[in-house]
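In: my questions concern the predicted model and sequence given below.
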There are 2 protein chains.
Amino acid sequence: MATIYEVSKLAGVSLATVSRVINDSSAVRKTTKDKVERAMKQLNYKPNSVAKSLASNRSDCIGVLVSELKSPFFTRMMGAIDAECRQFEKHIVVTASENDPLHEKEGIEFLIGRNCDALILHVESLSDEYLIELSQGKVPIVILNRQIPQISDHCISLNNELGGYLATKAVIEHGHRNIVYISGPEHKKDAIQRLAGHRRALMEAGIGIDQTRIFTGDYLQTGGQEGFKHFHDSGIQFSAVVCGNDEMATGVMATARECGLSLPEDLSVMGFDNVVFSRYTFPRLSTVDNPITDMGKMAARIIMEDVYKKSMGSINKSFEPSLVIRESVSRITKD
Amino acid sequence: MATIYEVSKLAGVSLATVSRVINDSSAVRKTTKDKVERAMKQLNYKPNSVAKSLASNRSDCIGVLVSELKSPFFTRMMGAIDAECRQFEKHIVVTASENDPLHEKEGIEFLIGRNCDALILHVESLSDEYLIELSQGKVPIVILNRQIPQISDHCISLNNELGGYLATKAVIEHGHRNIVYISGPEHKKDAIQRLAGHRRALMEAGIGIDQTRIFTGDYLQTGGQEGFKHFHDSGIQFSAVVCGNDEMATGVMATARECGLSLPEDLSVMGFDNVVFSRYTFPRLSTVDNPITDMGKMAARIIMEDVYKKSMGSINKSFEPSLVIRESVSRITKD
DNA sequence: GGCTTAAATGTAAGCGCTTACACCAAAATA
DNA sequence: TATTTTGGTGTAAGCGCTTACATTTAAGCC
């Protein structure tokens, strides 16, 4: 591979001049520039980004840490971030924490060690304190899907409470009053917030809150299965089940059918997130759209502005979910 | 951030010695090693991987080029590669080509420019010639999901023909004889191969091949919709539709229902790939499992062996798909 | 044409690390 | 005891680039 030195020799200029035309960092006479460009082409010169990164202390790379690589949720997020970065010739380097707090820390250190110019983090286990400290370090960070008051400037988050509220409200508006709820794990903040929204909707409709109508699942399909079985076996009457996320909703659907119910006539199901496959279920899942791609995009934008001084459109750090009504919630007139 | 120089000063040894304990590249006396390690800990020293990479011409990074970041198919692949690399403290740097031939080339150049030690490529548009030339370059490559005879050593591929055969054969064995096929785009090799397998199964069962029973779709949900409508409108009798992939199969399901069919009684549907959501459809989609995670894993392994000289288990470059029978294909006795 | 000023280019010192080579002491051999 | 080997360590030259600073060249002005 040709180096900048060879280019400079061929073009008959100094290293510095070549570097200048590559980065057009300062004025270079047109004729000189042409010479250099010709030489570059002739040698098929490609700048060595590692050397560049070492010398300039700038990598044009944005580190992205996600919980897992194989989930469609994160994929959409990454895709959005990558698309945005690409426009400015920045690149992402991704690492996965596999939902493990140790890995999360390692991942962050890896990305910093890789000289990333900024970090976009989706972390669940790491403490607020750690993140606050991190945000005061050298590398700018943006935290996705989490709200830490002390550093809210660095956080992009979704109003999960509102989402939970909208979901349940929609179900109520379809005539349901006997509603059960399958929540995500208690240690997940979004799960707690979604449940809070659910409660608010019930209260507002004058439906009392009954702890026995809430089941705590694992955000996976199994959680939906277990939740449905739990309610089914307990003899509780219910015409609708609202779920903390779409995975659990599909679990409910499958298990309800196994128990002989036909959907959506006998049971309405509501999800949350609007993941890709929610369109593929039958009946198609009504859910709450989680604008994760918009949020990812925004994270990238913030970095473009703050780190690379590229001015973009307006900045918004707080996102609102919206309802997606499909067929899995049926209208009933009498409970 | 502390540098190796500061560590060496604090530990009272030379740069070289510190480097040696970091990489344990040559013998260092135990006591010296301890001193250095203590110094590293005290300074919270983290090696600067960019500098390391520049000096050693080795990045411990494996470049991965995928067609798109947002597809669950590639996500699974990436996840598998990453998991394998992680075991050996290697990392992946991913870039997406967005299904664009120009981007594919750019992506490869980017990864090479990033000093990747090896490349794992999933490319569709780039010519065989280009890849053959590339494989003769300095950077080792592994090509996923494509078979190029001249460099088959670098290729990991799936027997798509067999998959197509198994899919149709299973449908036939369920008693169907009036079968239509919705293929992927004609310029995609896997689509052609899958279709060839379909034909073989038909022939073998003594069912003639009828071009009017083959529709060329786009591998997306819309392809399934269009395909079903096409056959439905044309008045062709069919009890089963075999699809080139799962996305199209879901399109068929949705559209068939819109036309008043009930599934799987009135129509059997067969997919291909066994993507995540195929478990979530109703009826659950029968399909052909595409062992993309195994293939990704194997790609990583090959690199571990060839590039990093880590000996792994056995190497296999040719994968076979297997049937996944769920409920979307029903048994019929009479057509 | 001589002067000032600005524009264009060159020089060279790093960035933080690896590694070939040199060196030295201690152990092994004769 | 002299000599070779070896294990342990240091020295210093890069890796390919950026960039502050110095220097040269061209332009502008009276």
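Out: Cool, got the structure.
In: OK, now which residue of the stretch 201-335 of chain A is nearest to chain B?
Out: Nearest residue of the stretch 201-335 of chain A to chain B: A:Phe277, at 3.3 Å (Cβ to the nearest Cβ). Where you see a C-beta, it was placed from the backbone N, CA and C, and this is true even at glycine.
In: got the phi/psi numbers for A:Trp273?
Out: I think there's a mix-up here, since residue A:273 is Asp and not Trp. When read as degrees, to the nearest 10, the backbone of A:Asp273 gives phi 120, psi -30.
In: what's across from it in the sheet?
Out: Here A:Asp273 sits in beta bridges with A:Asp289, going by DSSP bridges.
In: next up, the contacts around it.
Out: Counting by Cβ atoms under 8 Å, 6 or more residues apart in numbering or on different chains, A:Asp273 touches A:Phe73, A:Asn245, A:Asp246, A:Thr287, A:Val288, A:Asp289, A:Asn290.
In: now do A:Ala167
Out: A:Arg194, A:Gly197, A:His198, A:Ala201, A:Val242, A:Met270, A:Gly271, A:Phe272, A:Thr287, A:Val288, A:Leu323.
In: pLDDT (mean, whole number) over stretch A:226-241?
Out: What stretch A:226-241 shows for mean pLDDT is 96.
In: return the distance of that stretch from the chain's centre.
Out: Taking Cα atoms, centre = their mean, to the nearest Å, one finds stretch A:226-241 lying 31 Å from the centre of the chain it belongs to.
In: endpoint to endpoint, it covers what distance?
Out: With Cα to Cα, to the nearest Å applied, stretch A:226-241 spans 13 Å between its terminal residues.
In: quick check, it touching chain B?
Out: No. Figure legend: stretch A:226-241 not in contact with chain B (Cβ under 8 Å from any Cβ of the partner chain); closest approach 15.1 Å.
In: now do the buried residues in that stretch.
Out: A:Glu226, A:Gly227, A:Phe228, A:Lys229, A:His230, A:Phe231, A:His232, A:Phe238, A:Ser239, A:Ala240, A:Val241 (16 or more other Cβ atoms under 10 Å in any protein chain shown).
In: ditto for stretch A:199-219
Out: A:Arg199, A:Arg200, A:Ala201, A:Leu202, A:Ile207, A:Arg213, A:Ile214, A:Phe215, A:Thr216, A:Gly217, A:Asp218, A:Tyr219.
In: for stretch A:52-70, same thing?
Out: Buried-residue list, stretch A:52-70, by 16+ other Cβ under 10 Å: A:52-54, A:59-70.
In: show me where the stretch 1-150 of chain A has strands.
Out: A:61-66, A:91-96, A:118-121, A:141-144 (DSSP state E, counting those that start in this stretch).
In: sheet-wise, list the partners of the last one with their directions.
Out: Sheet partners assigned to strand A:141-144 using DSSP bridges are listed as strand A:118-121 (parallel), strand A:155-158 (parallel).
In: deepest-packed of those, please.
Out: Most buried of the strands paired with strand A:141-144 by mean neighbour count (mean count of other Cβ atoms under 10 Å in any protein chain shown) is strand A:118-121; its value is a mean of 25.
In: coming back round to it: any chance of the strands paired with strand A:141-144 in CSV with distance to DNA strand D and mean pLDDT as columns?
Out: Shown next, in CSV, are the strands paired with strand A:141-144 (distance: least, Cβ to the nearest atom of the strand, whole Å; pLDDT from 0 to 100):
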stretch, distance to DNA strand D, mean pLDDT
strand A:118-121, 17, 94
strand A:155-158, 29, 95
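In: can you check what pLDDT the model gives the residue of the stretch 1-150 of chain A found nearest DNA strand C?
Out: For the stretch 1-150 of chain A, the residue closest to DNA strand C is A:Ala27, as judged by Cβ to the nearest atom of the strand, at 2.6 Å. Looking at A:Ala27, its pLDDT is 83.
In: what parts of chain A come near DNA strand D?
Out: By the rule Cβ under 7 Å from any atom of the strand, the part of chain A lying against DNA strand D is A:1, A:3-5, A:15-16, A:18-20, A:22-23, A:25, A:45, A:47-48, A:51-52, A:54-56, A:58.
In: now the buried members of those.
Out: Here, 16+ other Cβ under 10 Å leaves A:Ile4, A:Val18, A:Ser19, A:Arg20, A:Ile22, A:Tyr45, A:Pro47, A:Asn48, A:Ala51, A:Lys52, A:Leu54 buried among those.
In: now the helices for chain A?
Out: Taking DSSP state H to define them, one finds helices in chain A at A:4-11, A:15-23, A:30-43, A:49-56, A:72-86, A:101-113, A:128-135, A:160-173, A:189-204, A:221-234, A:246-258, A:292-306.
In: residue numbers of the stretch 101-250 of chain A in contact with chain B?
Out: A:Glu109, A:Phe110, A:Ile112, A:Gly113, A:Arg114, A:Asn115, A:Lys138, A:Thr250.
In: switch the strands paired with strand A:141-144 over to a markdown table; also include distance to A:Leu134.
Out: Shown next, in a markdown table, are these (distance: least, Cβ to Cβ, whole Å):
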| stretch | distance to A:Leu134 |
| --- | --- |
| strand A:118-121 | 8 |
| strand A:155-158 | 13 |
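In: output the strands of the stretch 1-150 of chain A in TSV; the columns should cover distance to B:Ala170.
Out: What follows is the strands of the stretch 1-150 of chain A, written out as TSV (distance: least, Cβ to Cβ, whole Å):
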stretch	distance to B:Ala170
strand A:61-66	37
strand A:91-96	35
strand A:118-121	44
strand A:141-144	43
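In: contacts only, for the nearest residue to A:Phe215 once chain neighbours are set aside.
Out: With sequence-adjacent residues excluded and distances taken as Cβ to Cβ, 6 or more residues apart in numbering or on different chains, A:Phe215 is closest to A:Gly227, at 4.2 Å. Contact partners of A:Gly227, counting by Cβ under 8 Å, 6+ apart, are A:Val180, A:Ile182, A:Phe215, A:Gly217, A:Val241, A:Cys243, A:Met248, A:Gly251, A:Val252.
In: among the residues you listed, which ones lie close to DNA strand C?
Out: Applying Cβ under 7 Å from any atom of the strand to the contacts of A:Gly227, none is adjacent to DNA strand C.
In: tell me the one of these nearest DNA strand D?
Out: For the contacts of A:Gly227, the nearest to DNA strand D is A:Met248 (50.2 Å; Cβ to the nearest atom of the strand).
In: deepest-packed of the helices of chain A, please.
Out: Comparing the helices of chain A on average neighbours, where mean count of other Cβ under 10 Å defines a contact, helix A:246-258 leads with a mean of 25.
In: counting contacts, what elements does that one pack onto?
Out: Secondary-structure packing of helix A:246-258 (3 or more Cβ pairs under 8 Å, 6 or more residues apart in numbering or on different chains; DSSP states H and E): helix A:221-234, strand A:240-243, strand A:268-270.
In: contact partners of that helix?
Out: In contact with helix A:246-258 (Cβ under 8 Å, 6+ apart) are residues A:182, A:184, A:217-229, A:232, A:241, A:243, A:263, A:266-267, A:269-275, A:277-278, A:281, A:285, A:287, A:328, B:280, B:282.
In: now with 6 Å?
Out: A:182, A:217, A:220-221, A:223-225, A:228, A:241, A:243, A:267, A:269, A:271, A:273, A:275, A:278, A:281, A:285, A:287, B:280 (Cβ atoms under 6 Å, 6 or more residues apart in numbering or on different chains).
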